[in-house]
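Engineer: Make a model of this:
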Amino acid sequence: MDSLLMEEEVSEKLQVSLACLRRWRLQGEGPQYVKMGPMVRYRTKDIEDWLATLPTGGNGHRLSVRSIRRAKLAISA
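Structural biologist: Reported below is the predicted structural model:
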(Lines give C-alpha, C1' and ligand atoms only; values in the text may rest on other atoms or scores of the structure.)
Protein backbone atom coordinates (compact mmCIF):
# COMPACT_ATOMS: atom_id res chain seq x y z
CA MET A 1 0.00 0.00 0.00
CA ASP A 2 1.31 3.44 -0.96
CA SER A 3 1.88 5.88 1.83
CA LEU A 4 -0.41 8.89 1.69
CA LEU A 5 1.06 12.37 2.05
CA MET A 6 -0.66 15.27 3.76
CA GLU A 7 -1.15 18.61 2.02
CA GLU A 8 1.65 20.23 4.01
CA GLU A 9 4.10 17.51 2.99
CA VAL A 10 3.19 17.86 -0.69
CA SER A 11 3.43 21.66 -0.68
CA GLU A 12 6.86 21.39 0.94
CA LYS A 13 7.96 18.69 -1.51
CA LEU A 14 6.81 20.75 -4.53
CA GLN A 15 8.06 24.00 -2.96
CA VAL A 16 4.71 25.75 -3.41
CA SER A 17 2.47 27.33 -0.81
CA LEU A 18 -0.39 25.41 0.73
CA ALA A 19 -2.76 27.97 -0.80
CA CYS A 20 -1.32 27.27 -4.26
CA LEU A 21 -1.75 23.52 -3.82
CA ARG A 22 -5.35 24.02 -2.70
CA ARG A 23 -6.06 26.38 -5.61
CA TRP A 24 -4.72 23.78 -8.06
CA ARG A 25 -6.98 21.18 -6.49
CA LEU A 26 -10.06 23.39 -6.76
CA GLN A 27 -9.25 24.21 -10.39
CA GLY A 28 -8.46 20.58 -11.24
CA GLU A 29 -4.89 21.45 -12.24
CA GLY A 30 -2.69 19.79 -9.63
CA PRO A 31 -1.83 16.18 -8.92
CA GLN A 32 -4.61 13.69 -8.25
CA TYR A 33 -5.64 13.39 -4.63
CA VAL A 34 -7.58 11.11 -2.33
CA LYS A 35 -10.46 12.57 -0.34
CA MET A 36 -11.26 10.75 2.91
CA GLY A 37 -14.10 12.64 4.54
CA PRO A 38 -12.71 16.11 5.26
CA MET A 39 -9.10 14.96 4.79
CA VAL A 40 -7.11 15.33 1.58
CA ARG A 41 -4.18 13.03 0.91
CA TYR A 42 -1.82 12.52 -2.02
CA ARG A 43 -0.14 9.36 -3.29
CA THR A 44 3.55 9.68 -4.14
CA LYS A 45 2.95 7.95 -7.49
CA ASP A 46 0.22 10.46 -8.44
CA ILE A 47 2.58 13.36 -7.71
CA GLU A 48 5.37 11.79 -9.79
CA ASP A 49 2.96 11.07 -12.67
CA TRP A 50 1.66 14.65 -12.60
CA LEU A 51 5.20 16.06 -12.61
CA ALA A 52 6.06 13.88 -15.61
CA THR A 53 3.24 15.47 -17.61
CA LEU A 54 4.42 19.05 -17.05
CA PRO A 55 6.28 20.78 -19.88
CA THR A 56 9.99 21.26 -19.52
CA GLY A 57 12.15 24.02 -20.94
CA GLY A 58 15.49 24.08 -22.63
CA ASN A 59 17.27 21.38 -24.50
CA GLY A 60 20.45 21.18 -22.44
CA HIS A 61 22.56 22.95 -25.06
CA ARG A 62 24.33 26.18 -24.27
CA LEU A 63 23.97 29.05 -26.70
CA SER A 64 27.11 30.46 -28.23
CA VAL A 65 28.03 34.06 -27.44
CA ARG A 66 27.51 34.92 -31.09
CA SER A 67 23.89 33.72 -31.16
CA ILE A 68 23.15 35.59 -27.92
CA ARG A 69 24.52 38.83 -29.41
CA ARG A 70 22.43 38.32 -32.56
CA ALA A 71 19.31 37.77 -30.47
CA LYS A 72 19.98 40.95 -28.47
CA LEU A 73 20.49 42.96 -31.65
CA ALA A 74 17.24 41.62 -33.12
CA ILE A 75 15.32 42.53 -29.99
CA SER A 76 16.74 46.06 -29.76
CA ALA A 77 16.10 46.83 -33.45
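
Engineer: quick one, what contacts the spatially most central residue of the chain?
Structural biologist: Geometric centre of the chain, nearest residue: Leu51, 5.7 Å, by CA atoms, centre = their mean. When contacts are counted by CB atoms under 8 Å, 6 or more residues apart in numbering, Leu51 touches Pro31. For every residue, glycine as well, the C-beta is placed using N, CA and C.

Engineer: what's the spacing between it and Gly30?
Structural biologist: 11 Å (CB to CB, to the nearest Å).

Engineer: And for Ser3?
Structural biologist: As defined by CB to CB, Ser3 lies at a distance of 19 Å from Gly30.

Engineer: Between those two, which is the more surrounded one?
Structural biologist: Using other CB atoms under 10 Å as the criterion, Ser3 and Gly30 rank with Gly30 on top: 20 against 9.

Engineer: Hmm, the more buried one is touching Ser11, no?
Structural biologist: No: using CB atoms under 8 Å, Gly30 is not in contact with Ser11, being 10.2 Å away.

Engineer: List the residues that are in contact with both of those two.
Structural biologist: Both Gly30 and Ser11 are contacted by Leu21, under the criterion CB under 8 Å, 6+ apart.

Engineer: can you give me the strands for the protein?
Structural biologist: Along the chain, the segments classed as strands by DSSP state E run 4-6, 34-36, 39-43.
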